[in-house]
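**Student:** What would the 3D arrangement of this be:
(one chain, ligands or ions: 3)
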Amino acid sequence: MNIFVINSGSSSIKYQLFIQGSATPLCSGLVERIGHSDAQITHKYHRNNKEDVIRIEQPIADHEAGMLAVAELLTRADIAVVQSAEDINVVGHRIVHGGETLTHTTVITPEVKDRIQALFPMAPLHNPGHYEGIKVAEKTFPEATQVAVFDTAFHQTLPEKAFRYAIPNTLYHELGIRVYGFHGISHQYVSREAAHYLSKPDAKVITIHLGNGCSMAAVNAGRCIDTSMGLTPLDGLIMGTRSGSIDASVLLYLTEQNNYTTEQLKNLLNKQSGMLGLTGHNDMRDISALYRQGIVEAKLAYDMYAYRIKKFIGAYAAVLNGLDAIVFTAGVGENDALARELVCRDMEYLGIGIDIAKNELRESGIRDITAFQAKTRVLVIPTNEELEIARQCQDLLMGA
Ligand SMILES: Nc1ncnc2c1ncn2[C@@H]1O[C@H](COP(=O)(O)OP(=O)(O)O)[C@@H](O)[C@H]1O
Ligand SMILES: CC(=O)OP(=O)(O)O
Ligand SMILES: [Mg+2]
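**Tutor:** Ligands and ions are numbered 1, 2, ... in the order given. This next block holds a predicted model:
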């Protein structure tokens, strides 16, 4: 069985093709900077037992165009990862928002598609791209079983005291307004990897997923008990273009005093805020370069970014009533030593400290950057949402 996994984030599409049971993909790739004229596809595949890479730079207007380009690469005769589209048996899709009804990995039916579409307002940067991805995959791989794996599923174990908002009960019961939480596929994967690494199945772990979107989870013995995103992937940490937590009155103020429309507010908080709003850039590579040049906006933005994470670490150490490890993951978490250093600075009270030299090393695999004799382990664990999705597809279809 060949499983093709599609992970579309807000700014990128990642994909991997697995043979059932193998953790090493036949090919993998990344479409970056979707919506920009200098978008890029990096496609890696194996030929004659060695890895080849193709890089294509071309404008990619949206997720549909990105998906079409990927589908073409997969079956391109000169690469021949698969002979034809029929060789793909399963397509696993990452779906950010499953709401209250789509709580487990499931085969995609017309009804599932309708529900994903109905959730567009709750994941405006994501579910529309996923929906396009499903439509393209159905056309390109008509023989394959399409499977949805939800970012919200891992957070279904949150206790009610953690997932409810203190607003009238009817808004929860009638409209489903509650904390759902996101990046669950990643939090699940890295928290399990951390527990293995620590040889401690009942480990208390805080996972910190810092990509374009950023979120944290408190995981106790493999069960998620709290998380920083909410009804939508806007709440919590400061992100590339999203504000994270903000007093809801700011929105009322802007509406009443400055005539902002809901469309303007949506754009403001989702697309113009976060690191972009503070520095004019949303890619941490650009912002860290500015930080090192001493640009004050970049310094303040990094300090705010790290400070918000610190506050959640404190909160989650409290709700876990203990802490074995914190885990950094995703694009920023895995690559940005400065962000990790600022987060872990002055955290001795919680037993957190990092080895500055180890923090700067660039190595693949799990990295333990804990300072000598610090009580809480600080780990950098590369996430692999695609492998987690492939495993969940396999479990669903093989009945494991
Ligand atoms: N070497 C690096 N240093 C700092 N940040 C990086 C580096 N590489 C990638 N990033 C950051 O990772 C982000 C993308 O993370 P990723 O997890 O792939 O996000 P998403 O899934 O939301 O598209 C980029 O916006 C960039 O800021
Ligand atoms: C939920 C979310 O924000 O996802 P991503 O980080 O992939 O945009
Ligand atoms: Mg992501």
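**Student:** Could I get the pLDDT score of residue 125?
**Tutor:** For residue 125, the model assigns a pLDDT of 86.
**Student:** Remind me what the biggest helix by length in the chain packs against, helices and strands.
**Tutor:** The longest helix of the chain (DSSP state H) is helix 296-320. With contacts taken as 3 or more CB pairs under 8 Å, 6 or more residues apart in numbering; DSSP states H and E, helix 296-320 sits against strand 204-210, strand 214-220, strand 223-227, helix 274-279, helix 284-292, helix 337-344. Any C-beta I mention is one placed from the backbone N, CA and C, and that applies to glycine too.
**Student:** For the stretch 301-400 of the chain, give me the ranges with low pLDDT.
**Tutor:** Along the stretch 301-400 of the chain, the parts satisfying pLDDT under 70 run over 400.
**Student:** So the residue of the chain found nearest ligand 1: helix, strand or coil?
**Tutor:** Nearest to ligand 1, among the residues of the chain, is residue 331, at 2.1 Å (CB to the nearest ligand atom). Secondary structure state of residue 331, per DSSP: H, G, I helix; E, B strand; the rest coil, is helix.
**Student:** Might one say that it is in contact with residue 214?
**Tutor:** No: in this structure, residue 331 is not within contact of residue 214 by CB atoms under 8 Å, at 9.8 Å.
**Student:** out of the two, which sits in the busier spot?
**Tutor:** Between residue 331 and residue 214, residue 214 has the larger neighbour count (other CB atoms under 10 Å), namely 29 against 21.
**Student:** who touches the closest residue to the more buried one other than its chain neighbours in this structure?
**Tutor:** Of all residues beyond its chain neighbours, the one nearest residue 214 is residue 237 (4.0 Å), with distances taken as CB to CB, 6 or more residues apart in numbering. By CB atoms under 8 Å, 6 or more residues apart in numbering, residue 237 lies in contact with 210, 214-216, 228, 244, 305, 308-309, 312.
**Student:** Get me the contact residues on this structure for ligand 1.
**Tutor:** Residues of the chain lying near ligand 1 by CB under 6 Å from any ligand atom: 9-12, 211-213, 240, 283-285, 288, 330-332, 335-336.
**Student:** Are any of these buried, and if so which?
**Tutor:** Using 16 or more other CB atoms under 10 Å as the burial test, these include 9-12, 211-213, 240, 283-284, 288, 330-332, 335-336 as buried.
**Student:** so how far is residue 388 from the nearest residue to residue 188 once chain neighbours are set aside?
**Tutor:** In space, and not counting its chain neighbours, residue 188 is closest to residue 154: 4.3 Å by CB to CB, 6+ apart. From residue 154 across to residue 388, the span is 10 Å (CB to CB, to the nearest Å).
**Student:** Surely residue 379 is within a strand?
**Tutor:** Yes: read with three-state DSSP, residue 379 is one of the residues of a strand.
**Student:** wait, doesn't it sit right on residue 191?
**Tutor:** No: here residue 379 lies out of contact with residue 191, judged by CB under 8 Å, at a distance of 10.5 Å.
**Student:** between these two, who's got more neighbours?
**Tutor:** More neighbours surround residue 191 than the other of residue 379 and residue 191, with 27 against 21 (other CB under 10 Å).
**Student:** ok, now which ones touch that one?
**Tutor:** 205, 207, 217, 219, 222, 224, 327.
**Student:** so how many other residues sit close to the second one?
**Tutor:** For residue 207, the neighbour count with other CB under 10 Å is 31.
**Student:** so who does it touch?
**Tutor:** If you count contacts by CB under 8 Å, 6+ apart, residue 207 has them with 186-187, 190-191, 194, 216-217, 219, 326-327, 329.
**Student:** again with the fifth one
**Tutor:** Neighbouring residues of residue 222 by CB under 8 Å, 6+ apart: 191-192, 195, 201.
**Student:** okay, and for the chain, where does confidence drop off?
**Tutor:** Residue ranges of the chain with pLDDT under 70: 400.
**Student:** Could you report the distance from the closest residue to residue 316 other than its chain neighbours to residue 235?
**Tutor:** Sequence neighbours aside, residue 218 is the residue nearest to residue 316 in space, at 3.9 Å (criterion: CB to CB, 6+ apart). When distance is defined by CB to CB, residue 218 is 15 Å away from residue 235.
**Student:** out of these two, which sits in the more crowded spot?
**Tutor:** Using other CB under 10 Å, the more surrounded residue of residue 218 and residue 235 is residue 218, with 27 against 20.
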